[in-house]
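In: Return a 3D structure for these sequence lines:
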Amino acid sequence: MTKITPRSRKVRILATLGPASDTVEMIRKLYLAGADAFRINLSHGTHEDHAARVAAIRGLEKEFGRPMTILGDLQGPKLRVGTFAQGLAVLETGASFMLDRDEAPGDATRVNLPHPEIYQALVPGARLLLDDGKLVLRVMNVAEDRIDTVVEVGGTLSNRKGVNVPDVVVPMAALTQKDRRDLSFAMQQGMDWIALSFVQRPEDLAEARKLMGGYGALMAKIEKPSAVERLEEILELADAVMVARGDLGVELPPHTVPPLQKQIVETARRMGRPVVVATQMLESMIKAPTPTRAEVSDVATAVYDGADAIMLSAETAAGDWPEQAVAMMDSIAQSVERDPGYLGRLHFTQTDPDSTTADALAEAAAGIVPVVGASTITCFTSSGSTVRRVARERPSAPILALTPRQDTARRLGLTWGVHAVRTKDIGTFEEMVGKARRMALRHHLTEKGRKIVVLAGVPFGTPGSTNVLHVAAIRGDELKGRE
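Out: Residues are numbered from 1 along each chain as shown. Coordinates of the predicted model:
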């Protein structure tokens, strides 16, 4: 078994796998370069391709003796126009243009739009954004089988380009038949997180929850303006959230995305939900070995804001420099976290505890660390909820999560500052203290003469029973005579 020391970095790196990173050797390189979790984009590739990637990750998990996190990202509904007789058409600014239910190839005056839900939702004055927002249509009139528009921003439109509808809620389920098949596959493969696309309202999470039946954890991707408007309601039902800035930047003016990113990160942190910042973070590294200075600042901003994880998309899935992109993101994050003002900036976001014993102890643990100079906070957990409560406080010390459940250890790979270890459960207070000391030493999170803060629940092994906080001194002889 290959051993590596825990990450000193607290923010997590989520790397997307794809054609540029689907070999065991490259996935291994990404992990060693700093990737903490892996995203499998179910929009592309076959189930056979994805199964091979899962197998590679689980093989590395055994090699390194570390739980590894896999996120399965569902495609969601894709709204697209039909085809053109010439393969494309030029839409002139100011001209009239019609979208209709006629499947005949289109031209510069009309094209098929095969999505009845859009006809139901649109109202005069609403916008339609085509080809990632490159073309803009303003709706003038809507009928059952046609939408009359004026071209506000013209350009060339080719076959099956995407359609975004930013101004209304489209009465469309977030899960397509393909998503249902992909979700079943993801659960069969043991993926730890499921990311749900096209979330517009809290109800969109219900169907996925029902199909998952208590399996895994559900992440809501925030990529629609309507989702931002109901963010807190969505976060109540989701286990985590992703700031999907690509689609947000299409449906909203680009200058509104940075403050929205801060709002989403802050709200998720306040509600104790892990938050991932994604899309175009090191975009130029798809083709270049180094990023732009603006991209470096963008990654740094997400780290300063306290995001749990930052994500690479095409940079690692299809780029020419996947390993270098992960290493660069790791270097940026470590540089930020070495900034003496980093923790102070994190605590600009106020995370008030709920009126529970577990929340009170989580807040107290974070406060005790600087007072006694503790090197780590060790949490015994079954479901991971205690660990997430502690992580919400963004303590100055790393968090060692000890759990008997492999699924819990894997899911915690997207939580800020957490080093998760699967280990046997405990039965007594003395066993709790002894194991906390040994594990902190074994995983290089403390040393002789230091103190650690320990959180657990009595009776031991009972989920949701956190009610013990203990400060333990490290003697240095805890590992003697033990493997």
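
In: Which stretches in the stretch 201-350 of the chain count as helices?
Out: 204-212, 225-229, 231-237, 245-251, 257-270, 293-304, 314-317, 322-338, 342-346 (DSSP state H, counting those that start in this stretch).

In: List the buried residues of the fifth one.
Out: Buried residues in helix 257-270, counting neighbours by 16 or more other Cβ atoms under 10 Å, are found at Val257, Leu260, Gln261, Lys262, Ile264, Val265, Glu266, Thr267, Ala268, Arg269. Every C-beta, even on glycine, is put in place using the N, C-alpha and C of the backbone.

In: The last one and Arg392 touch, don't they?
Out: Yes: Arg269 sits in contact with Arg392 when judged by Cβ atoms under 8 Å, with a separation of 6.5 Å.

In: overlap in contacts of those two?
Out: Thr351 (Cβ atoms under 8 Å, 6 or more residues apart in numbering).

In: First-to-last residue distance for stretch 377-395?
Out: Start-to-end span of stretch 377-395 (Cα to Cα, to the nearest Å) is 9 Å.

In: Measure how far that stretch is from the centre of its chain, please.
Out: 18 Å (Cα atoms, centre = their mean, to the nearest Å).

In: Look up which residues are beta-bridged to the residue nearest the centre of the chain.
Out: What sits nearest the mean C-alpha location of the chain, by Cα atoms, centre = their mean, is Val276, with 3.7 Å. Note on Val276: beta-bridge partners by DSSP bridges are Met242, Ala309.

In: residues touching it, list them.
Out: Leu14, Met219, Ala240, Val241, Met242, Val243, Ala307, Asp308, Ala309, Ile310, Met311, Leu414.

In: Quickly note the distance from it to Gln263.
Out: 15 Å (Cβ to Cβ, to the nearest Å).

In: residue boundaries of the helices in the stretch 51-200 of the chain?
Out: Assigned by DSSP H, counting those that start in this stretch, the stretch 51-200 of the chain shows helices spanning 116-121, 177-188.

In: So which bits of the last one are buried?
Out: In other words, helix 177-188. Asp179, Asp182, Leu183, Phe185, Ala186, Met187.

In: OK, contacts around the third one?
Out: To tie it back to what came earlier, the one meant is Leu183. When contacts are counted by Cβ under 8 Å, 6+ apart, Leu183 touches Gly72, Leu74, Leu175, Ile194, Ala208, Leu211, Met212.

In: what about 6 Å?
Out: Leu211 (Cβ atoms under 6 Å, 6 or more residues apart in numbering).

In: what's the answer for the second one, then?
Out: Contacts were defined as Cβ under 6 Å, 6+ apart; by that measure Asp182 touches Leu42, Leu74.

In: What average pLDDT does the helix or strand containing Ala401 get?
Out: Taking DSSP states H and E as the definition, Ala401 sits inside strand 399-403. Averaging pLDDT along strand 399-403 gives 97.

In: ok, now stretch 371-378?
Out: The pLDDT scores in stretch 371-378 average 97.

In: contacting residues around it?
Out: 365, 390, 395, 397-400, 436, 440, 445-446, 450-454.

In: from those, which is closest to Arg345?
Out: Proximity of the contacts of stretch 371-378 to Arg345 (Cβ to Cβ) peaks at Pro395, which lies at 14.8 Å.

In: Can you tell me how far the closest one is from Gly125?
Out: Pro395 is 49 Å from Gly125, by Cβ to Cβ.

In: So between these two, which is more surrounded?
Out: Pro395 (26 against 9; other Cβ atoms under 10 Å).

In: OK, contacts around the more buried one?
Out: Ala366, Val369, Ile377.

In: Run through who's touching the host helix or strand of Arg39.
Out: Here Arg39, judged by DSSP H and E, is contained in strand 37-41. Identification of contacts with strand 37-41 by Cβ under 6 Å, 6+ apart yields 14-17, 50, 53, 57, 69-73, 413-414.

In: Reformat those as JSON lines; add pLDDT, neighbour count and distance to Thr156.
Out: As requested, the contacts of strand 37-41 are exported to JSON lines (pLDDT from 0 to 100; neighbours: other Cβ atoms under 10 Å; distance: Cβ to Cβ, whole Å):
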{"residue": "Leu14", "pLDDT": "98", "neighbour count": "26", "distance to Thr156": "35"}
{"residue": "Ala15", "pLDDT": "98", "neighbour count": "27", "distance to Thr156": "34"}
{"residue": "Thr16", "pLDDT": "98", "neighbour count": "25", "distance to Thr156": "29"}
{"residue": "Leu17", "pLDDT": "98", "neighbour count": "28", "distance to Thr156": "33"}
{"residue": "His50", "pLDDT": "97", "neighbour count": "23", "distance to Thr156": "34"}
{"residue": "Arg53", "pLDDT": "97", "neighbour count": "21", "distance to Thr156": "36"}
{"residue": "Ile57", "pLDDT": "98", "neighbour count": "22", "distance to Thr156": "41"}
{"residue": "Thr69", "pLDDT": "98", "neighbour count": "26", "distance to Thr156": "41"}
{"residue": "Ile70", "pLDDT": "98", "neighbour count": "25", "distance to Thr156": "39"}
{"residue": "Leu71", "pLDDT": "98", "neighbour count": "28", "distance to Thr156": "35"}
{"residue": "Gly72", "pLDDT": "98", "neighbour count": "24", "distance to Thr156": "35"}
{"residue": "Asp73", "pLDDT": "98", "neighbour count": "26", "distance to Thr156": "30"}
{"residue": "Gly413", "pLDDT": "97", "neighbour count": "24", "distance to Thr156": "43"}
{"residue": "Leu414", "pLDDT": "98", "neighbour count": "26", "distance to Thr156": "40"}
